[in-house]
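Trainee: for reference, the sequence and a predicted model appear below.
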Amino acid sequence: MTVSQATDLYWDPYEIELNMDPYPLFRRLRDEAPLYYNEQYDFYALSRADDVEQAFVDHKRLISGKSDILEYIRAGIDWPQGFFIFEDPPQHSKHRGVLSRVFTPKKMAALEPDVRDFCARILDPHVGSAGFDFVHDFGGLVASRVIGMLLGIPEDDQAGIRAAVEASLQNHDGEAAEIDMANFEGAIYAEYIDWRVEHPSDDLMTALLEVEFEDEQGTVRRLTREEILTFVTLLSGAGNDTTAKLIGWTGKLLSDHPDQRRQLVEDPSLIPDAVEELLRYQPPGMQNARYVTEDVEFSGGTVPAENVVVTIMASANRDDRRFPDGDRFDIHRKPMGILTFAFGIHFCLGAALARLQGRVAMEEVLKRFPEWTVDEANAVLRPTSTTRGYDALPVVL
């Protein structure tokens, strides 16, 4: 089938203005070009829910081993051993399996008292004030403290590490950022790893040091130091950035929908579904990419082998074919089948923790601040090639 599309329809993940409010364009993609081809950067894009889900499921023909970020696939970066989100089976299965044993939903749920305590300690000083920043004063702090606690990083060091990890992953204009691989592979965590070797504790870093597994060669072993450093860096980066953006979107959406915010204040049992709707409506992670090893057919045509497909989860989450009236935010929706955390073998390992932090953050905010208004003049929305969220979101109480 030939890929066809309207001649005036253009989208790319690097054009900031297009991605400040991409959802009208995403609707056009779904309706006019469900398999879109961008000539400038030479990639295909999927925008409908069923197609995006199909791409995630078909991991043998649409692989992650070259990365799941468009510019990194093009750059041909050699990723360190253990960077499991950029691996394919059997390596991915083995490395993800190790983390799954120490990163279970049950263990994440056990963190709720600590997460709630963090939120209370952060929010209480703002009670009675004129306002605060949902990102700088709340979301970013919760994200760094929770992942830092999981890993066993001292609280005083967490903010600095978050900044270093984010800086190492920035990308722009369709070109892969120059990555200092020594830093990226976990040099910033080396001293903590060395300390934990001699001083084990009840944290994820210690668990990674002690876990034994059977690798893809059939050898029962422990993780190498390089693998541990890679795991720790990956978890820290992923856990910090997207959670901070999720909490930022909480501040924005509930300010934009005061009637629904009032319902949540009056009935907190609605909050879990509200978090799921928030994840659907404004996902912090906008899109992934896959390298195509064989021809694959989607609803809009066929992607030839040796090409790259971008799966736009943010568009899929608003597809009326799966979510009726998808451009409407509705805390009563109970959305099923959202693609925010991807799908299949690369489903986000931290989904349970993200949902927990989002729920507890919303509960604790609404306990203290039933009303607020975003200071739009000073809010800073920043899309990147893969994410979209606020760098700053000051609110007036």
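Mentor: Right, received. Where do you want to start? Residues are numbered from 1 along each chain as shown.

Trainee: what segments of the stretch 201-350 of the chain are helices?
Mentor: 204-210, 225-256, 258-266, 271-281, 313-316 (DSSP state H, counting those that start in this stretch).

Trainee: what's the first helix or strand after the lowest-mean-pLDDT helix or strand in the chain?
Mentor: For the chain, the helix or strand with the lowest mean confidence is helix 181-184, at a mean of 44 (criterion: mean pLDDT, DSSP states H and E). Remark: after helix 181-184, the chain's next helix or strand is helix 190-198, criterion DSSP states H and E.

Trainee: elements contacting that next one?
Mentor: The contact analysis (3 or more Cβ pairs under 8 Å, 6 or more residues apart in numbering; DSSP states H and E) places helix 190-198 against helix 204-210, helix 225-256. Backbone N, C-alpha and C define where each C-beta goes, glycine included.

Trainee: ok, 6 Å please
Mentor: Under the contact criterion of 3 or more Cβ pairs under 6 Å, 6 or more residues apart in numbering; DSSP states H and E, helix 190-198 touches no helix or strand at all.

Trainee: how is residue 77 assigned, secondary-structure-wise?
Mentor: Put simply, residue 77 is coil when judged by DSSP: H, G, I helix; E, B strand; the rest coil.

Trainee: how many residues are close by it?
Mentor: Number of residues near residue 77 (other Cβ atoms under 10 Å) recorded here: 18.

Trainee: might one say that residue 296 is in contact with residue 305?
Mentor: No. Here residue 296 lies out of contact with residue 305, judged by Cβ atoms under 6 Å, at a distance of 8.3 Å.

Trainee: of these two, which one has the most company?
Mentor: Shown here are residue 296 and residue 305; by other Cβ under 10 Å, residue 296 has more neighbours (19 against 12).

Trainee: contacting residues for the more buried one?
Mentor: Contact analysis of residue 296 by Cβ atoms under 6 Å, 6 or more residues apart in numbering lists 61, 303.

Trainee: for beta bridges, what are the partners of it?
Mentor: Counting by DSSP bridges, residue 296 is bridged to residue 303.

Trainee: how much space between it and residue 49?
Mentor: Residue 296 sits 17 Å away from residue 49 when distances are taken as Cβ to Cβ, to the nearest Å.

Trainee: then residue 147?
Mentor: 30 Å.

Trainee: in terms of neighbours, single out the busier of the two.
Mentor: Neighbours were counted for residue 147 and for residue 49 using other Cβ under 10 Å; residue 147 has more, 26 against 23.

Trainee: show me what the strand or helix carrying residue 117 packs onto, helices and strands only.
Mentor: Here residue 117 sits within helix 112-123, counting by DSSP H and E. The contact analysis (3+ Cβ pairs under 6 Å, 6+ apart) places helix 112-123 against helix 140-151, helix 351-368.

Trainee: who touches the last one?
Mentor: Yep, that's helix 351-368 we're talking about. 105, 108, 115-116, 119, 123, 127, 243, 246-247, 250, 264-265, 271-272, 275, 341.

Trainee: any low-confidence regions in the stretch 101-250 of the chain?
Mentor: By pLDDT under 70, the weakly predicted segments of the stretch 101-250 of the chain are 158-187.

Trainee: can you rerun that using 90?
Mentor: 101-110, 144, 147-199, 201-204, 215-216, 225-241 (pLDDT under 90).

Trainee: just the pLDDT at the closest residue to residue 378 other than its chain neighbours, thanks.
Mentor: Closest residue in space to residue 378, ignoring its immediate chain neighbours: residue 394 at 5.1 Å, by Cβ to Cβ, 6 or more residues apart in numbering. On pLDDT, residue 394 comes in at 98.

Trainee: and residue 394, how many neighbours does it have?
Mentor: Residues lying near residue 394 (other Cβ under 10 Å) number 23.

Trainee: who touches it in this structure?
Mentor: 133, 375, 378.

Trainee: so what's the backbone phi/psi at the second one?
Mentor: Backbone torsions for residue 375, taken as degrees, to the nearest 10, come to phi -80, psi 90.

Trainee: next one: it, what pLDDT does it get?
Mentor: 98.

Trainee: ok, so what distance separates it from residue 255?
Mentor: With distances taken as Cβ to Cβ, residue 375 is found 10 Å from residue 255.

Trainee: these two: which is more packed in?
Mentor: Between residue 375 and residue 255, counting by other Cβ under 10 Å, residue 255 is the more crowded of the two (20 against 15).

Trainee: pretty sure that one contacts residue 376?
Mentor: No. Residue 255 is not in contact with residue 376 according to Cβ under 6 Å; the separation is 9.3 Å.

Trainee: give the helix, strand or coil label for residue 108.
Mentor: Of the three states, residue 108 takes helix according to three-state DSSP.

Trainee: for residue 389, same thing?
Mentor: Per three-state DSSP, residue 389 ends up strand.

Trainee: list the contacts of residue 377.
Mentor: Residue 377 neighbours (Cβ under 6 Å, 6+ apart): none.

Trainee: now it: how far from residue 392?
Mentor: 11 Å.

Trainee: which residue is the nearest non-sequential neighbour of residue 275?
Mentor: Spatially, and ignoring its direct neighbours in sequence, residue 275 is nearest to residue 358 (4.4 Å; Cβ to Cβ, 6+ apart).

Trainee: got it, and residue 29?
Mentor: According to Cβ to Cβ, 6+ apart, the nearest residue to residue 29 is residue 47 (4.0 Å).

Trainee: is it true that the one you found touches residue 312?
Mentor: Yes. Under the criterion of Cβ under 6 Å, residue 47 makes contact with residue 312 at 5.0 Å.

Trainee: neighbours around the closest residue to residue 100 other than its chain neighbours, how many?
Mentor: Nearest residue to residue 100 in three dimensions, chain neighbours excluded: residue 349, at 6.8 Å (Cβ to Cβ, 6+ apart). Residues near residue 349, counting by other Cβ under 10 Å, number 20.

Trainee: the chain should start at 31 in everything you say after this.
Mentor: Sure, I'll start counting at 31 from here, so that last one is residue 379.

Trainee: any idea how far residue 379 is from residue 362?
Mentor: For residue 379, the distance to residue 362 - Cβ to Cβ - is 29 Å.
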